[in-house]
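Asker: Let's see this in three dimensions:
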Amino acid sequence: MRKILSICLLLFAVMAQAQIQDPVRFKSEFKHLSVDKAEIVFTATIDEGWHVYSTDLGDGGPISATFNIDKISGAIAVGKLQAKGKEIASYDKLFEMNVRYFEKAAQFVQELKLSGGDYQVQGYLEYGACNDENCLPPTQVEFDFKGKAETKGTDAAASADKPAAPLAGTASAEQAEVSADAVASDGADEGIIGKADASTSIAVGESSDLWKPVVSELRAFGENVSQEDMSWIYIFITGFLGGLLALFTPCVWPIIPMTVSFFLKRSKDKKKGIRDAWTYGASIVVIYVTLGLAVTLMFGASALNALSTNAVFNILFCLMLVVFAASFFGAFELTLPSKWSNAVDSKAEATSGLLSIFLMAFTLSLVSFSCTGPIIGFLLVQVSITGSVVAPAIGMFGFALALALPFTLFALFPSWLKSMPKSGGWMNVIKVTLGFLELAFALKFLSVADLAYGWRILDRETFLALWIVLFALLGFYLLGKIKFPHDDEDTKVGVPRFFMALFSLAFAVYMLPGLWGAPLKAVSAFAPPMYTQDFNLYNNEVHAKFDDYDLGMEYARQHGKPVMLDFTGYGCVNCRKMELAVWTDTKVGDIINNDYVLITLYVDNKTPLTEPIKVVENGKERTLRTVGDKWSYLQRVKFGANVQPFYVLVDNKGYPLNKSYSYDEDIPEYVEFLQTGLKNYKKR
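Answerer: Below is the predicted model:
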């Protein structure tokens, strides 16, 4: 009874563990097409935010869907596995290749030719799935169909309606969850280490404790906070800052005192004037949030995400930013047709009440387009890469709130209008500065297209050289050394302008070492990948000491050191991001290289095991065929997790030293994660 209770408690802990995710559910079906033809159909239901990769993506990319046969008789496979459904094609910036994938639903079909008589087809579909933060290990949908094919003389129609009989428990496959069979320390461990395995050369019994589940111990340290909520806050702040920039442009700032004075003077009732100003501000928010929602409803979140990595789209957006920058520099003025704003303005004069105020706000949106348009366009493209339906609306809410705030505040406190800075040349300085920033971001989008087509005209050092020149020129402009058409002749440089120049020039100097291979974490999200750089002197890299769990743990035991387990994948996008953005930090690299034994376990390693290993999970028998299958099983059974990247610190007996860590590029947080593990190890 005590043993049953302990198993139940462990099972509850595993099921409560938030790390196990089940975003994709497959079902398989055997269909007769004719007397001698049939097909196996795999149909997937995919959770929001996740995607399943298609077939034949090529080497060096994510996991392709593949059809694998273990046993076949009375039939042969015809052709390759076919993907059906709404396939999305886009350029992946990290893999530097075009990828294809499915969202919400997918279907894969394998055609078979039946030779007549009894048949049996046994094997598995393997696929890869990712979201914006994590990837699943290569996952298998096992099947085993058998039956009897009709001969040539029988009724084909009757044959087509007769389904094949799947063997028990193999018609469908769910994402594996660790069951009581898997977490019981006396049973599950024998499933994977109870056989001799040439890839580890560890004798039976020597490492059994190392595979013991430690889910409850891991949970005692607490869990990491999801990054999704933080990303929404980031989007809102980005939008708000964009609104502040637009506020201080010549298209918006001069309108504020005129509009507020109009509301306060149009009515003898001060409260009504304040209420009208509030309504005006609220109307601005409604207009821009509606714009954000309209963009998503028109294109869809997934379409925006695909566009944001599409090479042609990035070229067009680069050209658009160059045009906007030229406009900001004073080459020409970008405005919407005047008849639009005149029509709305005349409509506002002809009406009264709330509708009149709303139309006035709409007129502001049209008139200020030449200044707000480039900022809004850039913001919408940036937030679209989140793939979230509400992201554009959140970004536009932040933008509109910053834009509407002064109208409301000055209406509440009219005396502030007297201290409001006068319109003047300083606004054109902000506009020109935005022009330089537009050019810098235009290069970023051109870089994506350059990688897509393999032109190699914008390698990392070329990109950095252009950015260095741009920000140096911006610094000289802010110091008054460069003039544009609409700048004042007054060459005096104020204190704020001086500090802006100082920052711009310092940033240009900061990027100089990047020409020789310095990682430049501040621009790592914008610059092309390091492999495009021809001249690289940087060698501060982190390399795993072992790619085998049992051998690495034995080494750690002999040397008395703690272990960092890195569950990763060759096709894991965010794993590479963590390695480039976090592991290249000097402090992080020193701690990992000097204080830990780093064991990197690739869950998509296709190296076959000496012989397949049978294990039981979730009441079902599963087969581990590759080294990657084995490490994926280790991650699930021991730590109750199945997504990558996944980092966990353990002592040399396999017990956790801190909470697990997933995708989060916060370097101080990662350093604290590592240092806490060291402190806990020393206490033991």
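Asker: list the contacts for residue 434?
Answerer: Residues in contact with residue 434 (C-beta atoms under 8 Å, 6 or more residues apart in numbering) are 245, 249, 328, 374-375. Backbone N, C-alpha and C define where each C-beta goes, glycine included.
Asker: farthest-separated two in the residues you listed?
Answerer: Based on C-beta to C-beta, the longest span within those runs between 245 and 328 and measures 11.3 Å.
Asker: more crowded one of the two?
Answerer: With neighbours defined as other C-beta atoms under 10 Å, residue 245 and residue 328 compare such that residue 328 has more, 26 against 19.
Asker: In space, what's closest to residue 100 - neighbours in sequence excluded?
Answerer: residue 54 (4.0 Å; C-beta to C-beta, 6 or more residues apart in numbering).
Asker: and what of residue 135?
Answerer: Per C-beta to C-beta, 6+ apart, closest to residue 135 is residue 572, 4.5 Å.
Asker: Contact partners for the one you found?
Answerer: Residues in contact with residue 572 (C-beta under 8 Å, 6+ apart) are 130, 135, 604, 644-645.
Asker: Identify the farthest-apart pair in those.
Answerer: The most widely separated members of these, counting by C-beta to C-beta, are 604 and 645 (12.8 Å).
Asker: Quick one, grab the pLDDT at the residue nearest the centre of the chain.
Answerer: Nearest to the mean C-alpha position of the chain, by C-alpha atoms, centre = their mean, lies residue 132 at 2.7 Å. pLDDT recorded at residue 132 is 75.
Asker: That one belongs to a strand, doesn't it?
Answerer: No. Residue 132: not assigned to a strand; according to DSSP: H, G, I helix; E, B strand; the rest coil it is coil.
Asker: unless I'm mixing things up, it is touching residue 49, no?
Answerer: Yes. Assessed by C-beta atoms under 8 Å, residue 132 is found in contact with residue 49 at 6.9 Å.
Asker: And the protein, what are its domain boundaries?
Answerer: Annotated domains of the chain cover 1-21+176-223+539-684, 22-174 [automatic domain parsing].
Asker: hey, where'd the helices end up in the stretch 501-650 of the chain?
Answerer: For the stretch 501-650 of the chain, the helices defined by DSSP state H, counting those that start in this stretch occupy 549-559, 573-581, 586-595, 627-639.
Asker: Relative to residue 420, which of the ones you listed is closest?
Answerer: Nearest of these (C-beta to C-beta): helix 573-581, 41.9 Å.
Asker: Export only the CA atoms of the closest one, formatted as PDB.
Answerer: The C-alpha trace of helix 573-581 is given here as PDB (Å, rounded to 0.1, in the frame of the first residue of the first chain):
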ATOM      1  CA  VAL A 573      16.100  27.700 -33.000                       C
ATOM      2  CA  ASN A 574      16.000  29.100 -29.500                       C
ATOM      3  CA  CYS A 575      18.800  26.800 -28.400                       C
ATOM      4  CA  ARG A 576      21.100  28.600 -30.800                       C
ATOM      5  CA  LYS A 577      19.800  32.000 -29.700                       C
ATOM      6  CA  MET A 578      20.800  31.100 -26.100                       C
ATOM      7  CA  GLU A 579      24.200  29.900 -27.100                       C
ATOM      8  CA  LEU A 580      24.900  33.100 -29.100                       C
ATOM      9  CA  ALA A 581      23.300  35.700 -26.800                       C
END
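Asker: to the chain's geometric centre, what's the distance from that helix?
Answerer: Remark: helix 573-581 is offset 11 Å from the chain centroid, using C-alpha atoms, centre = their mean, to the nearest Å.
Asker: mean confidence for that helix?
Answerer: 78.
Asker: thinking again about what came up before, which stretch in the domains of the chain is the model least sure about?
Answerer: It's domain 1-21+176-223+539-684: among the domains of the chain, that one has the lowest mean pLDDT, namely a mean of 75.
Asker: now that domain: how far from the chain's centre is it?
Answerer: That offset, for domain 1-21+176-223+539-684, works out to 23 Å (C-alpha atoms, centre = their mean).
Asker: got a list of what the nearest residue to residue 44 once chain neighbours are set aside touches?
Answerer: Spatial nearest neighbour of residue 44, excluding adjacent residues (C-beta to C-beta, 6+ apart): residue 106 at 4.4 Å. Contact analysis of residue 106 by C-beta under 8 Å, 6+ apart lists 43-44, 46, 52, 54, 83-85.
Asker: What of residue 522?
Answerer: residue 510.
Asker: now it: how far from residue 645?
Answerer: For residue 522, the distance to residue 645 equals 22 Å [C-beta to C-beta, to the nearest Å].
Asker: got it, and residue 651?
Answerer: Distance, residue 651 to residue 645, using C-beta to C-beta: 21 Å.
Asker: Which one's more surrounded, those two?
Answerer: Taking other C-beta under 10 Å, residue 651 and residue 645 do not tie; residue 645 has more neighbours (24 against 19).
Asker: Just confirm that one contacts residue 662, I think it does.
Answerer: Yes. Counting by C-beta under 8 Å, residue 662 is a contact partner of residue 645 at 6.2 Å.
Asker: Between these two, which contacts overlap?
Answerer: residue 134.
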